[in-house]
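Visitor: sharing a model that was predicted from the sequence below.
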Amino acid sequence: MKKYLAIYTGTAAGRERWNALSDAERKQREAKGMKAWGDWVQKHQAAITENGGPLGKTKRITSDGVSDIRNVMAAYVVVQADSHEAAARMFEGHPHFTIFPGDGVEVMEILPIPSM
């Protein structure tokens, strides 16, 4: 089995739409979403190798120094699967973008470090 990094993405526009909901609607969606997310985790528990979690603010480091930047990465999880396709299919209909304001999940294989 290969390992795959899944990055949950979200945009400022999605967050604005979420914040525009009434408190009652937001709380209802949060409860529904957390249950659905828990169900997803339970369904894929054997494939999840690292639970991951939400991501905070980003700093970019280059030869010019350190700067604050924005990106669309919101959270991550590491899964294992027989193929890239199988790993990607685990996230079809995920509550991150069907209930919560996220806009997608990007899945990439974690490759071995090349020999030096």
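Guide: Noted; the coordinates are in hand.
Visitor: what comes into contact with the one helix or strand R29 maps to?
Guide: Here R29, judged by DSSP states H and E, is contained in helix 23-43. With Cβ atoms under 8 Å, 6 or more residues apart in numbering as the contact definition, helix 23-43 has outside contacts at W18, L21, I48, N51, H94, P95, H96, T98, I99, F100. C-beta coordinates here come from the backbone N, C-alpha and C atoms, glycine included.
Visitor: and with 7 Å instead?
Guide: Helix 23-43 has contacts (Cβ atoms under 7 Å, 6 or more residues apart in numbering) with W18, I48, H94, P95, I99, F100.
Visitor: any weak-confidence spans in the protein?
Guide: 116 (pLDDT under 70).
Visitor: the strands in it, which residues?
Guide: 2-9, 48-54, 58-62, 65-69, 73-81, 104-109 (DSSP state E).
Visitor: can I get the CA coordinates of the fourth one in PDB?
Guide: So the one you mean is strand 65-69. Output of strand 65-69 as PDB, limited to C-alpha atoms (Å, rounded to 0.1, in the frame of the first residue of the first chain):
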ATOM      1  CA  GLY A  65      13.600  35.900   4.100                       C
ATOM      2  CA  VAL A  66      10.300  35.100   5.800                       C
ATOM      3  CA  SER A  67       6.900  36.500   4.900                       C
ATOM      4  CA  ASP A  68       3.300  35.900   5.700                       C
ATOM      5  CA  ILE A  69       1.200  34.500   2.800                       C
END
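Visitor: orientation of it relative to strand 58-62 in degrees?
Guide: Inter-element angle recorded for strand 65-69 and strand 58-62: 150 degrees (by axes from the mean of the first three to the mean of the last three Cα atoms, to 10 degrees).
Visitor: in strand 65-69, what counts as buried?
Guide: For strand 65-69, the neighbour count (16 or more other Cβ atoms under 10 Å) marks no residue as buried.
Visitor: and the last one, by the same measure?
Guide: Neighbour-count burial for strand 104-109 flags G104, V105, V107 (criterion: 16+ other Cβ under 10 Å).
Visitor: who wins for neighbours among the contacts of helix 23-43?
Guide: Among the contacts of helix 23-43, the one with the most neighbours (other Cβ atoms under 10 Å) is F100, at 21 neighbours.
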